[in-house]
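# just need the structure, nothing else, for what follows:
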Amino acid sequence: MEKFLFKHIDNSPLIVFRILFGLLLFLESIGAIFTGWVTKTLVEPKFTFNFIGFDFLQPLPGNGMYYYYIIMGVFGFCVMIGYRYRIAMFSFFIMWSATYLMQKSSYNNHYYLTALLSFLMIFQPANNYLSVDAKRNPSIKSISVPYWTSLILILQIGLVYFFGGIAKIYPDWLQAIPAKLFLSSKTSYPLVGEIFKTDWFPYILSYGGLLFDLFIVPLLLFKRTRMFGFCLSLFFHLFNAIIFQVGIFPFLSLAFALFFFEPKTVHRIFLKGKTYYTENKIRVPNRRKGFLVFLSIYFIIQLALPLRHWVIKENVLWTEEGHRLSWRMMLRSKSGYQTFVVVDKKTSQKETIWLNNYLTEKQRRVIGTKPDMIWQFAQRLKKEYADKDKDVAIYVKGKIRVNGKKYKPLVNDTIDIAAVKWNHFRHNAWLLSEKKD
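Numbers count the residues shown, from 1 in each chain. This is a model prediction of the structure:
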């Protein structure tokens, strides 16, 4: 095992990936400002729905979040050019993770993936060549890296695709219902809009996505199928980038292909002027045991999180319990509404909350189907009324539907939601079963 992990290979794939990754981090950070994402998600809301337990993470007041994202962009640029690489990578990881945990209204799997990759890249010797650091300090310059540097990134993207594919194996997906709903809003697109209206294309999209997720990594791993897999990946990700606008994930995924190709190929295409490493030396570090334990714990967690919904009662598609951090990507279409009623425990006086007074349009749309956000809003209302010296109970009534099916109630409207605790790894009993009308 040690000979496998610590055998040195040419570092061309890692160096090129660092440059591309840093560029994407820079563009994502700065782009979030110019597209209005920062304004809509972190500036305009009166409050954000942070991950439960991270209430201390709140947006900076005024124009603070614009400066915050500019600084993140600078760190991304520093990663790209390899300037004070580890400090820049660590700083970006902390800042990005903080904003990821700060809000859930714009949840996206690639935000989570970016946080994980930023963490893993902290430990990579990615600044040992073609970097400002190597130019300033020639003693760190190197043309090789141990094989584990590529392996951990291959494993990470492999888990993303594997769990993304497994999650798609359920009846609605196999009947192309989500695909039909996704495409229904894209039928006005030039050239392809008419194709999206056909009965057969949603099945192509559904089964194509399922098979791609399950088999793209094996296709890229084997030399005979590698080029076919890359061409397939190129088409698949560019299609998603253009049609579904899913952020930087398609481009990140394409950048990952660097680690599947032979280092010699990457060297020939991108770094012709670099000396190619051919010695294949094995250099086992002194702290290898601690390193291997650390990696084992990391990947055990990465395996456990996507599986946790299997030990939680009820269907994850319905309750969302175990949905996040699980690579359940573009799996379903969901809509719903919830009404919050505040009852004064002393006078029994009832008050229906007008959500427009509290939430942005996007927050109102998301809270209709997300139980954890429903619970958080109830807690916020309770605190607000407590500040007015009022002891209140909060009841929630509404319905949701999944994949265009019949609307059904999600929340037990006889339970005071503000009085219950949130369970992270067990079913929350105030959520009704999908089977109950």
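
# strands of the stretch 151-300 of the chain, start to end?
Ranges of strands in the stretch 151-300 of the chain, per DSSP state E, counting those that start in this stretch: none exist.

# helices of that one, residue ranges please.
171-174, 177-183, 193-196, 201-221, 223-243, 249-256, 263-270, 288-307 (DSSP state H, counting those that start in this stretch).

# quick one: which of the ones you listed is nearest residue 44?
Shortest distance between residue 44 and the helices of the stretch 151-300 of the chain, using C-beta to C-beta, is found for helix 249-256: 25.1 Å. To be clear about C-beta, it is placed using only N, CA and C from the backbone, and glycine gets the same treatment.

# any buried residues in that closest one, and which?
Neighbour-count burial for helix 249-256 flags 249-256 (criterion: 16 or more other C-beta atoms under 10 Å).

# check contacts around residue 97.
Residues near residue 97 by C-beta atoms under 8 Å, 6 or more residues apart in numbering: 115, 118-119.

# phi, psi for it please.
phi -60, psi -40 (degrees, to the nearest 10).

# could you check how far it is from residue 141?
Distance from residue 97 to residue 141, counting by C-beta to C-beta, to the nearest Å: 31 Å.

# repeat that for residue 41.
Distance, residue 41 to residue 141, by C-beta to C-beta: 41 Å.

# out of those two, which sits in the busier spot?
Neighbours around residue 41 and residue 141, counted as other C-beta atoms under 10 Å, are more numerous at residue 41. The numbers are 21 against 14.

# that's a strand at the more buried one, yeah?
No. If the criterion is DSSP: H, G, I helix; E, B strand; the rest coil, then residue 41 is helix and not within a strand.

# with adjacent residues omitted, what lies nearest to it?
With sequence-adjacent residues excluded and distances taken as C-beta to C-beta, 6 or more residues apart in numbering, residue 41 is closest to residue 106, at 4.9 Å.

# name the SS class of the one you found, please.
coil.

# OK, contacts around it?
The contact partners of residue 106, by C-beta under 8 Å, 6+ apart, come to 37, 41, 362.

# got the helices of the stretch 151-300 of the chain as a markdown table, with distance to residue 336 columns?
Below are the helices of the stretch 151-300 of the chain laid out as a markdown table (distance: least, C-beta to C-beta, whole Å):
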| stretch | distance to residue 336 |
| --- | --- |
| helix 171-174 | 17 |
| helix 177-183 | 14 |
| helix 193-196 | 25 |
| helix 201-221 | 23 |
| helix 223-243 | 25 |
| helix 249-256 | 26 |
| helix 263-270 | 47 |
| helix 288-307 | 25 |
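
# so which of those helices gets nearest residue 435?
helix 171-174 (14.6 Å).

# go through the closest one and flag the buried ones.
172-173.

# contacts for it, please.
178-179, 206-207, 210, 331-332, 402-403.

# let's see 6 Å
Here helix 171-174 makes contact (C-beta atoms under 6 Å, 6 or more residues apart in numbering) with 206, 403.

# burial measure for the closest residue to residue 391 other than its chain neighbours, as a count.
Nearest in space to residue 391, with sequence neighbours left out and distances taken as C-beta to C-beta, 6+ apart, is residue 345 at 4.7 Å. Residues near residue 345, counting by other C-beta under 10 Å, number 11.

# also residue 414?
If you count neighbours by other C-beta under 10 Å, residue 414 ends up with 8.

# do the same with the one 4 residues further on
The burial count assigned to residue 418 is 22, neighbours taken as other C-beta under 10 Å.

# that one falls within a helix, correct?
Yes. Counting by three-state DSSP, residue 418 is located in a helix.

# isn't it right up against residue 394?
Yes. Shown here, residue 418 and residue 394 form a contact pair, counting by C-beta atoms under 6 Å, at 4.2 Å.

# look up phi and psi at residue 21.
phi -60, psi -50.

# dead centre of this protein: give me the residue that sits there.
The centroid of the chain falls nearest to residue 109 when counting by C-alpha atoms, centre = their mean (2.1 Å).

# got a list of what that one touches?
Contact analysis of residue 109 by C-beta under 6 Å, 6+ apart lists residue 329.

# and stretch 2-21, average pLDDT?
Averaging pLDDT along stretch 2-21 yields 94.

# how about that stretch: buried residues?
So stretch 2-21, judged by 16+ other C-beta under 10 Å, has buried residues 5-21.

# those in strands, which ones?
Among the buried residues of stretch 2-21, the residues falling in strands (DSSP state E) are 8-10.

# of those, closest to residue 309?
residue 9 (37.6 Å).

# run through the bridge partners of that closest one.
In this entry, residue 9 is beta-bridged to residue 145, by DSSP bridges.

# quickly note the distance from it to residue 247.
31 Å.

# just residue 148 next, same as before
Counting by C-beta to C-beta, the gap from residue 148 to residue 247 is 28 Å.

# do residue 351 as well
Distance from residue 351 to residue 247, by C-beta to C-beta: 39 Å.

# what of residue 50?
Distance from residue 50 to residue 247, by C-beta to C-beta: 20 Å.

# now do residue 138
Applying C-beta to C-beta to residue 138 and residue 247 gives a distance of 38 Å.

# one more: residue 403?
23 Å.

# looking at the contacts of residue 106, which one is closest to residue 85?
Using C-beta to C-beta, the contacts of residue 106 come closest to residue 85 at residue 37, 26.8 Å.

# count of residues packed around that closest one?
16.

# what of residue 383?
10.

# on the three-state scheme, it is what?
helix.

# tell me the contacts of it?
Residues in contact with residue 383 (C-beta under 6 Å, 6+ apart): none are found.

# skipping adjacent residues, who's closest to residue 130 in space?
That would be residue 15: by C-beta to C-beta, 6+ apart, it lies 5.4 Å from residue 130.

# please, which helix or strand holds residue 394?
Taking DSSP states H and E as the definition, residue 394 sits inside strand 392-402.
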